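Provided below are the primary sequence and the corresponding predicted coordinates.
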Amino acid sequence: MKLFIGEDSQSGRLIKALCSAEYDVLTVQEVKMNGSSDEEVLAFARRNNRAVLAKNCDDFRALHAARKVPHNGIFLVFGNRYSTKNMTRRDVITALNNLRAASFAIEDQLVALNQWIY
């Protein structure tokens, strides 16, 4: 699975864990798009056949709902005000692995990864 990691999710440890789990990862920083709008991030991901992984949930939900930009999927990692309930790197990978195992069609879909941990 090819992922484009949003500016808010570029933790070095997460990137390393995703690569170790054999995900094809590209970050906003690598392509010098820090500070780009969410629409630009989504358009770049589309052109490069990648799904977006982001923690910027409200903005990407609004962008998806507006249906302005077709995309290859948006994976959202929702935070919780109780940090002990937030997803770990392992949780993110588990959720992505579960999606992949389910052969879930992600094109033009918005997916809350939190719901795919089991």
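Looks like it arrived, so ask away. Residues are numbered from 1 along each chain as shown.

Look up which residues are beta-bridged to residue 51.
Partner residues in beta bridges with residue 51, using DSSP bridges, are residue 3.

Kindly provide the distance from it to residue 70.
Distance, residue 51 to residue 70, using CB to CB, to the nearest Å: 12 Å. All C-beta atoms are positioned from the backbone trio N, CA, C, and that covers glycine.

Between the two, which has more neighbouring residues?
With neighbours defined as other CB atoms under 10 Å, residue 51 and residue 70 compare such that residue 51 has more, 21 against 10.

which residues touch the more buried one?
Taking CB atoms under 8 Å, 6 or more residues apart in numbering as the criterion, residue 51 is in contact with 1-4, 45, 71-75, 106.

can we see that at 6 Å?
Remark: with contacts taken as CB atoms under 6 Å, 6 or more residues apart in numbering, residue 51 is in contact with 3, 72-73, 75, 106.

CSV for those residues, including pLDDT and neighbour count?
Below are the contacts of residue 51 laid out as CSV (pLDDT from 0 to 100; neighbours: other CB atoms under 10 Å):
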residue, pLDDT, neighbour count
3, 97, 23
72, 94, 21
73, 95, 23
75, 96, 25
106, 93, 16
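
biggest helix in this protein by residues?
Counting by DSSP state H, the longest helix found in the chain is helix 89-101.
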